[in-house]
Each structure stands twice: as structure tokens, then as C-alpha cells.
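# output the structure for:
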Amino acid sequence: MLSSCDMRCTVLLLLLCLAGLCYGIFAGDLPSPQEAVALIKSIGAGRVRLYGPDQNVLQALRNTSLEVVLGVPDWQIPSLGSSQEYANQWIEENIKNFQDINFRYVVVGNKMPSENQDSVAFLPKALQNIQNAVSSSGLKNQIKVSSAFDHSVILNQIHPPSKAEFNEKYPIGDIIQFLKNNNAPFLVNMHPYYSYAFNKPEIPPELNKDGQTSGDKRLQYAIFRSPSVVVQDGRLRYKNVFDAMVDAVYSALEKAGASALDVVVSETGWPTAEGPGATAYNAKIYNNNLIKRIKSKGTPKRPKKPVETYIYNLFDENQRSGVDKHWGIFDQANKQAKYPINFAS
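Coordinates of the predicted model:
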């Protein structure tokens, strides 16, 4: 029987695991993977998402307590979809060769639907071939296979959340059926920052009273600081756009006959420079409030289902341009955090 201390520790670990951290490496002069893993642990993140199987990074993750979400790059999807042998080899090289890593998901493609039409066409078969390889490796009960969708592309009419549905331009019925068959979650990249910066409809335009000042009500709604309900959607009430965006996905899944699927936010965060509202202060508020939010309860539509979420990004990525360079929690040059954050607080 667990002692009270053991029970408290177990609860803490369960809460900790809801929040993870993305580790993108589209940059030069990054700290070593060993230094990166130490920084991930230093802020209490229990899970890390990789966008591809970098062998040096995987080596650094051996025998750690971190759960790992491993991505399959878009360019590999056609090969995986057209060859079971290729999928078997991919799992052999990147999963089975690292049995001392605790893999959680294999994510086939990022920001789907991709601009690469071959990747879109081969995605359902690639998912199945990877699943077959995972199952034949005896890892079916350990690793779930899914894909990460772009919230802004895959959904239509996302405000209010109850009106959301999947974009008919991108038929994903086969993928949803695959997820249902394998009890795998629906992963979605979701950025309230872009909704704020580009005046997207999920943040009601009538809130825009003070431009981009710190008192902007649209900004407060985006970073979990609205003092009262902003959106009333039937019986559901929203004080932040994160909840509204997640519930839009749940609404679309319900209409697609997949209400039992869990939603995982595979990427979210806030930039610190070169865009409207892109400051270290706002990033600190958004990311810390997000961590507190997902530990306390679920969304208005799923109040008892806290949302597993991955914050983008560990480091700035200086090979990107404009605001896209500045999503890191840590500066890549000096390895110092730009603002205080603690996933375990």
C-alpha cells in the first residue's frame, strides 16, 4: 500500500507529465544534446518532443527519466507509405536501437496537411505501416502512432468552438479511423499567438480596443489573463483562447464520429521578439499560465480531461526568419533562460 508521501509523489509525477517541451534544432551553434537534456530537466519538464530522429539527441536521451515523442520528417512519409520494409527499418533504427529511451508517441509528419501533396497522399498508409512495425516489435502497448495537424488549416469556422468542423479540402476520415482503431490521440499544433498577432476570428475582434498595448483585451484573452468570461458558447464559457481552440478540435471530432479521441496539443508557445506582443514578459505569462492551466483541469467541454501539451521551444532557432526565430525558452548562445519557468511548480 502506498504511503501518503508516495501518493503525493505519484500525483506530482502525473501532473508533471501533462506538460512537455519541444526540442527543435533548426539552428546553428546550438548547445550540445547533453547540455540540452540537462536544461530540460532543470526546468522540470517530464516529456520532450523531437521533430526527427537526430542520432546525437537520441544518444543524449538514453537512460533518462524523460518520455520522448519522436517525429517522422514529412519528406520520409512517401517512402514509409509505399514500403512496409522501409517502415520496419525506420522503427528498427530509431526506436528498437534505443530501448533505453521511454518513447511515448511516434508522430508521422508535422503541421499536416503539408504543402507536399505526396506527403498528404501517403500519410494514411505511412501511419499504418509505422503502426505495423511498432506492433511487430512488441511495442504496441507502449507507443502510440499519430500525426500532428495544423489547427489553423485543418478546421473550418472555429469561432465559436461548437461550430468548428474539419476542412473538407483535407479529407482525414481514414486517419481518424486509424486513430480510433488504435486508441491513439489526435495531435494538433495550436498557437494563440498567431491568432492574436494576425487578428484571427477565434479572438473576437470587438476586444481590440487598445492596439498592441499591455492593456489590450485581446492580448489578455490570449495569455490567460482575462478577468471574466469573454466567449459564451451555449452553456460553455471561455476566459482564454487556448481552451476555445482545444474545444474547437473536440467539436470537429464529435462531428466526425470520433468523440472518444483524446486531444494532445503537440505545439504551442509564445515568441519573445520581432512580432506584435512578442516579448519575454508575455512569453513568461503565457507559458507559466498554460502550465498552471493544464494541471488544474480540462477545458469547458472536457472539464475532467486535462490537456497534454508541449511548449515550443527549448531554444531559439536562428535559421528561421522574423518572429519564427524567437520561440525559445533558452537563448541558444549563452544557455540562459530568457524568463523564469518551472514545469513542476
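
# strands of the stretch 1-150 of the chain, start to end?
For the stretch 1-150 of the chain, applying DSSP state E, counting those that start in this stretch gives strands covering 19-23, 47-50, 67-72, 102-108, 144-146, 148-150.

# most neighbours per residue, which of the ones you listed?
Here the criterion is mean neighbour count by mean count of other Cβ atoms under 10 Å, and of these the winner is strand 19-23, at a mean of 26. (Each C-beta comes from the backbone N, C-alpha and C, glycine too.)

# now stretch 66-85, how far from the centre of its chain.
17 Å (Cα atoms, centre = their mean, to the nearest Å).

# longest helix in this structure, please.
helix 117-136 (DSSP state H).

# show me the contact partners of that one.
For helix 117-136, contacts defined as Cβ atoms under 8 Å, 6 or more residues apart in numbering pick out 72, 74-75, 77-78, 80-84, 86-88, 90-92, 95, 106, 108-109, 112-114, 140, 143, 145-147, 170, 174-175, 178, 182.

# swap in 6 Å and give it another go.
Residues outside helix 117-136 that contact it (Cβ atoms under 6 Å, 6 or more residues apart in numbering): 74, 77-78, 80-81, 84, 87-88, 91, 106, 108, 113-114, 140, 143, 145, 174-175, 178.

# picking that back up, now render the strands of the stretch 1-150 of the chain as a markdown table, adding mean pLDDT.
Output for these, formatted as a markdown table (pLDDT from 0 to 100):
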| stretch | mean pLDDT |
| --- | --- |
| strand 19-23 | 96 |
| strand 47-50 | 98 |
| strand 67-72 | 98 |
| strand 102-108 | 98 |
| strand 144-146 | 98 |
| strand 148-150 | 97 |
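
# tell me where the stretch 151-300 of the chain has strands.
Using DSSP E, counting those that start in this stretch, strands in the stretch 151-300 of the chain cover 155-156, 165-166, 186-189, 231-233, 236-238, 263-268.

# any chance of the ones you listed in a markdown table, with mean pLDDT and mean neighbour count too?
Converted to a markdown table, these look like this (pLDDT from 0 to 100; neighbours: other Cβ atoms under 10 Å):
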| stretch | mean pLDDT | mean neighbour count |
| --- | --- | --- |
| strand 155-156 | 93 | 19 |
| strand 165-166 | 96 | 18 |
| strand 186-189 | 98 | 25 |
| strand 231-233 | 96 | 17 |
| strand 236-238 | 98 | 18 |
| strand 263-268 | 98 | 26 |
